[in-house]
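Student: Fold the following for me, if possible:
(one chain, ligands or ions: 2)
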Amino acid sequence: MNLIKQAHQFSQRALPKRDPNFGKPLDTSHGPILYVEGVTVSFDGFKALNNLNLYVDDGELRCIIGPNGAGKTTMMDVITGKTRPDEGSVYFGQQIDLLNLSEHQIARGGIGRKFQKPTIFEALTVYENLELATAADKRVWFTLTQSLSAEQTDRIDSVVRQIGLLSEVQRPAGLLSHGQKQWLEIGMLLMQSPRVLLVDEPVAGMTGEETERTAELLTSLAGDHSVIVVEHDMAFVRSIARQVTVLHQGSVLAEGTMDQVQNNPKVIEVYLGE
Ligand SMILES: Nc1ncnc2c1ncn2[C@@H]1O[C@H](COP(=O)(O)OP(=O)(O)O)[C@@H](O)[C@H]1O
Ligand SMILES: [Mg+2]
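Tutor: Ligands and ions are numbered 1, 2, ... in the order given. Modelled structure (predicted):
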């Protein structure tokens with residue numbers, strides 16, 4: 001079927017309810033989904049991460065803050081297999097040793113990462129971008145000429161609503177606002193049904209309203225996914241945070257609620273010194 005027609009029919013149609021079990025193919029027992037233990041990463045003798053410990057629960061929304069150079073991005077690089085630590089262990093659930101997997105295997109295996117610069121296809125519509133993200137074969141032409149299963153179109157229906165782009169579904173992604181592009185990028189990650197979602201500075205460059213909607217989106221994703229958010233915008237962190245981890249010089253300086261960490265003398269000292 002012609003894609004535009006398909007997208008049009010799709011946007012006219014009543015959308016099905018989201019399957020509450022979607023995205024939970026593994027065991028759903030609670031407890032940590034991510035274990036980062038004793039991780040050290042050195043660059044020419046400088047320790048970007050220094051005996052870092054981080055435990056993230058299944059379905060949790062965790063905010064990571066810390067001054068520039070604290071090791072936040074390096075930590076994400078280690079979890080996603082981009083950087084290998086000198087020491088320490090990194091587990092996904094109880095069984096899966098992430099240090100034995102490639103970056104690609106980790107991404108396919110349920111840990112999605114959103115980079116700051118979106119990797120959407122600007123000439124394709126929102127729908128087509130999501131369609132492409134479902135595909136095993138990433139060649140654009142191949143993907144767009146294959147027909148989707150009912151399950152895949154249902155999944156697109158559900159994701160496009162979740163990211164608030166239902167009314168934009170037929171627009172080329174290049175015409176979206178900065179914030180909408182970021183949501184589409186999150187939507188493309190969601191098409192892979194990740195258990196863990198890593199988001200680096202999601203609201204950088206967004207308007208106030210876009211920032212608010214992003215807070216709602218990330219909050220809505222927690223529960224079905226574990227969401228780890230690195231962000232500098234403190235007002236934003238305050239608006240979404242349950243548990244906050246403060247990194248400093250490659251280690252955890254403090255952990256707790258936003259109020260607890262903001263009142264922690266060590267945290268105050270580090271931020272005043274910035
Ligand atoms: N590839 C690299 N080579 C050398 N030093 C690096 C590299 N990546 C990061 N660093 C250093 O490690 C420290 C932590 O960096 P980063 O993880 O990017 O911090 P953050 O994201 O918290 O600002 C910084 O001092 C940075 O300069
Ligand atoms: Mg960084």
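
Student: Contacts for stretch 214-221, please.
Tutor: Residues outside stretch 214-221 that contact it (CB atoms under 8 Å, 6 or more residues apart in numbering) are 61, 162-164, 179, 182-183, 186, 190, 197, 199, 202-203, 206, 227, 229, 236, 239-240. Heads up, the C-betas are built off the backbone N, CA and C, glycines and all.

Student: Quick check: helices, which of those are part of them?
Tutor: Of the positions in those, 162, 179, 182-183, 186, 190, 236, 239-240 sit in helices, assigned by DSSP state H.

Student: The host helix or strand of residue 113 near ligand 2 at all?
Tutor: Secondary structure assignment for residue 113, by DSSP states H and E: strand 111-114. No. Using CB under 5 Å from the ion, strand 111-114 stays clear of ligand 2, with a minimum separation of 12.6 Å.

Student: Who are the packing partners of that strand?
Tutor: If contacts are counted by 3 or more CB pairs under 8 Å, 6 or more residues apart in numbering; DSSP states H and E, strand 111-114 sits against helix 178-190, strand 196-200.

Student: could you give the angle of the helix or strand following that strand to helix 178-190?
Tutor: In the C-terminal direction, the helix or strand that comes right after strand 111-114 (DSSP H and E) is helix 126-134. For helix 126-134 against helix 178-190, the angle by axes from the mean of the first three to the mean of the last three CA atoms, to 10 degrees is 30 degrees.

Student: helices and strands around helix 126-134, which ones?
Tutor: Applying 3+ CB pairs under 8 Å, 6+ apart, one finds that helix 126-134 contacts helix 3-12, helix 140-145, helix 150-162, helix 178-190.

Student: Just want the angle from that helix to helix 150-162.
Tutor: Going by the same axes, to 10 degrees, helix 126-134 makes 120 degrees with helix 150-162.

Student: pLDDT on helix 126-134, on average?
Tutor: For helix 126-134, mean pLDDT rounds to 92.

Student: Restrict that helix to CA atoms and write it as PDB.
Tutor: Output of helix 126-134 as PDB, limited to C-alpha atoms (Å, rounded to 0.1, in the frame of the first residue of the first chain):
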ATOM      1  CA  VAL A 126       7.200  11.000  11.200                       C
ATOM      2  CA  TYR A 127       5.400   7.800  10.400                       C
ATOM      3  CA  GLU A 128       8.100   6.600   8.000                       C
ATOM      4  CA  ASN A 129      10.800   7.400  10.600                       C
ATOM      5  CA  LEU A 130       9.000   5.200  13.100                       C
ATOM      6  CA  GLU A 131       8.500   2.500  10.500                       C
ATOM      7  CA  LEU A 132      12.200   2.500   9.800                       C
ATOM      8  CA  ALA A 133      13.000   2.200  13.400                       C
ATOM      9  CA  THR A 134      11.000  -1.000  13.700                       C
END
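
Student: For stretch 112-124, give me every contacting residue.
Tutor: For stretch 112-124, contacts defined as CB under 8 Å, 6+ apart pick out 76, 80, 107, 128-129, 132, 140, 172-174, 181-182, 184-186, 188-190, 192, 194, 196-202, 204.

Student: what about 7 Å?
Tutor: For stretch 112-124, contacts defined as CB atoms under 7 Å, 6 or more residues apart in numbering pick out 76, 80, 129, 132, 172-174, 181-182, 184-186, 188-189, 192, 194, 197-202, 204.

Student: That concludes my questions; thank you for your assistance.
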